[in-house]
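Peer 1: got a predicted structure plus its sequence, pasted below:
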Amino acid sequence: SIELGTLAVIIHNAISDSSDIVASRLLAQFLQLPFSQNAASQLADDILKLTREFRNPAAHKEILPTEKLEACRDFVIGNNTNIGLLARIVITD
């Protein structure tokens, strides 16, 4: 099993160093999704944001404030003004 933050680092490494066969195969799988290589980099950045701002704090014993929970929902699912991370993965430009 791989953690989200580790996945994001692997994507960034695959983009910058194609000599690692495992990383390059992972990147090839991501590039089969309907987005460009720049979008793959943005996806990795967004995954890091998700882990740093929402997921990791929620994994601890303190309660995640409602505002953070709503911000996480908007970031992942979207809202009336912005599409979320999930939609950006599958929607083409």
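Peer 2: Yep, that arrived. Numbers count the residues shown, from 1 in each chain.
Peer 1: every contact and neighbour count from this point should use C-alpha atoms.
Peer 2: OK.
Peer 1: which other helices and strands contact the helix or strand that contains I15?
Peer 2: Per DSSP states H and E, I15 falls inside helix 4-16. Applying 3 or more CA pairs under 8 Å, 6 or more residues apart in numbering; DSSP states H and E, one finds that helix 4-16 contacts helix 21-31, helix 37-49.
Peer 1: what's the next secondary structure element after the lowest-mean-pLDDT helix or strand in the chain?
Peer 2: Taking mean pLDDT, DSSP states H and E as the measure, helix 56-58 is the helix or strand of the chain with the lowest mean score, a mean of 61. Next along the chain after helix 56-58, taking DSSP H and E as the criterion, comes helix 66-76.
Peer 1: that following helix: which residues count as buried?
Peer 2: Of all the residues in helix 66-76, those buried under the rule 16 or more other CA atoms under 10 Å are A71, C72, D74, F75, V76.
Peer 1: between that helix and helix 37-49, how many degrees?
Peer 2: Calculated by axes from the mean of the first three to the mean of the last three CA atoms, to 10 degrees, helix 66-76 forms an angle of 160 degrees with helix 37-49.
Peer 1: I am finished for the moment; much appreciated.
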